[in-house]
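Enquirer: Sequence first, then the predicted structure, then my questions.
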Amino acid sequence: MIIEAKGIHKSFGTLEVLKGVDFYAEKGEVVSIMGASGAGKSTLLQILGTLSRPDSGTLVIDGTDVASLRDSALSTFRGRRIGFVFQAHRLLPEFSALENVMMPALIAGESAASAREKAHRLLADVGLTERGSHKPSELSGGEAQRVAIARALVNNPAVLFADEPTGNLDSATKADIHRLLFELRERLGQTIVIVTHDPQLAELCDRRLFMKDGRIE
């Protein structure tokens with residue numbers, strides 16, 4: 001398994017948000033997590049993505065016991081083995097699409113030439129070969145999200161986590177991004193975990209999980 005989490009608990013003050021969640025994902029699997037607001041979906045995604053630590057429980061990603069890693073080692077692991085796509089694309093406005101995609105590879109220590117080659121290839125994969133020199137303000141919402149997906153993949157992560165990746169898009173553009181995610185899975189063997197309120201996106205996934213009151217039903 002690429003992800004195996006057991007007994008994940010997380011509280012904020014006196015509020016227990018996650019109440020012993022077990023979760024797994026196989027390599028190349030696309031899993032959706034649905035549930036009402038406040039069910040704990042985003043908190044679980046942040047813990048699975050190592051952005052937050054659980055109060056208790058175990059988490060193994062791609063064979064690494066991430067709960068045992070110190071902060072610096074965890075940050076390095078996250079940068080190299082985990083990709084994120086959020087509802088807001090979070091592109092750096094002063095940089096071009098190509099430079100935005102290159103950024104995680106440069107941070108990970110790759111040469112500019114290698115990072116640029118990867119970024120060009122990924123922009124082609126997401127259908128934006130001709131838009132590499134454009135800044136985020138010159139891109140449509142769908143194009144910006146495609147750049148964000150390319151950026152998330154530049155370090156060849158073990159897992160791509162997506163939090164409401166089409167929440168800000170119109171229906172036609174949503175459908176395009178949905179197709180793109182599954183095309184990337186077929187082409188790259190990418191494991192994808194998606195938190196979504198969109199039943200159409202969830203329906204496309206290999207497995208659909210539902211959270212309620214801090215537990216997976």
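Expert: Sure, I can see it. Numbering: from 1, shown residues only.
Enquirer: secondary structure class for the residue most central in space within the chain?
Expert: Centroid-nearest residue in the chain, with C-alpha atoms, centre = their mean: F161, separated by 2.1 Å. Three-state call for F161 (DSSP: H, G, I helix; E, B strand; the rest coil): strand.
Enquirer: for it, what are its contacts?
Expert: Counting by C-beta atoms under 8 Å, 6 or more residues apart in numbering, F161 makes contact with 45, 48-49, 82-85, 192-194. The C-beta positions use only the backbone N, C-alpha and C, and glycine is treated the same way.
Enquirer: Which one of these is nearest to S140?
Expert: Taking C-beta to C-beta as the measure, S140 lies nearest V85 of the contacts of F161, at 16.3 Å.
Enquirer: burial count for that closest one?
Expert: By the other C-beta atoms under 10 Å criterion, the neighbourhood of V85 contains 25 residues.
Enquirer: tell me which residues form a beta bridge with it?
Expert: Per DSSP bridges, the residues bridged to V85 are A162.
Enquirer: contacting residues around it?
Expert: Counting by C-beta under 8 Å, 6+ apart, V85 touches 145, 148-149, 152, 160-163, 165.
Enquirer: among these, which two are most distant?
Expert: Checking those with C-beta to C-beta, the most distant pair is Q145 and F161, at 14.5 Å.
Enquirer: separation between the residue nearest to the centre of the chain and L45?
Expert: As for F161, its distance to L45 is 6 Å (criterion: C-beta to C-beta, to the nearest Å).
Enquirer: Common neighbours of these two, please.
Expert: Contacts common to F161 and L45, judged by C-beta under 8 Å, 6+ apart, are V193.
Enquirer: ok, and the closest non-adjacent residue to V21?
Expert: Spatially, and ignoring its direct neighbours in sequence, V21 is nearest to I8 (4.3 Å; C-beta to C-beta, 6 or more residues apart in numbering).
Enquirer: Wasn't that neighbour part of a strand?
Expert: Yes. The assignment for I8 by three-state DSSP puts it in a strand.
Enquirer: give the contact list for it.
Expert: Contacts of I8 (C-beta under 8 Å, 6+ apart): 18, 20-23, 44, 47, 54, 56-57, 59.
Enquirer: From those residues, keep the buried residues only.
Expert: 18, 21, 23, 44, 47, 54, 57, 59 (16 or more other C-beta atoms under 10 Å).
Enquirer: which element follows the longest helix anywhere in the chain toward the C-terminus?
Expert: Secondary structure of the chain per DSSP state H: the longest helix is helix 171-188. Downstream of helix 171-188, the next assigned helix or strand under DSSP states H and E is strand 191-195.
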